[in-house]
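Visitor: turn this into a structure:
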Amino acid sequence: MTDRRLWSYKEIAAHIQVQPDTVRSYRKHGLLPDPDLVEGGKPFWFADTVRAWVARRPGHRGRRDRAD
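Guide: This is a model prediction of the structure:
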């Protein structure tokens, strides 16, 4: 099943257990995928986009992402 919920910096940060400013920094430095949607100048990503990115992140080492 596809998860098309849109996540902001806040939801991504909660998912990977960092501060939202850290996620903003990841985007600024090209470490975050391009947003799936930009609305009112604010970027959003599909939950599946974020989960796929988390699985590919260096240092992830096969850990499972936490359940939502």
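Visitor: what's the longest strand in the protein?
Guide: Longest strand of the chain, by residue count under DSSP state E: strand 42-46.
Visitor: in its sheet, what does that strand sit against?
Guide: Paired with strand 42-46 in the same sheet, following DSSP bridges, are strand 6-7 (antiparallel), strand 37-39 (antiparallel).
Visitor: check those strands for me and report the most buried one.
Guide: Most buried of the strands paired with strand 42-46, by mean neighbour count (mean count of other Cβ atoms under 10 Å): strand 6-7, with a mean of 19. For the C-beta atoms, the positions are set from N, CA and C on the backbone; glycine is no exception.
Visitor: could you pull up the mean pLDDT of that strand?
Guide: Mean per-residue pLDDT for strand 6-7: 98.
Visitor: repeat that for stretch 49-66.
Guide: Rounded mean pLDDT across stretch 49-66 is 76.
Visitor: still on that earlier bit, centre of the chain to the longest strand of the chain, how far?
Guide: Here strand 42-46 is found 9 Å from its chain centre; the criterion is Cα atoms, centre = their mean, to the nearest Å.
Visitor: C-terminal to that strand, what's the next element?
Guide: Moving toward the C-terminus from strand 42-46, the next helix or strand (DSSP states H and E) is helix 47-56.
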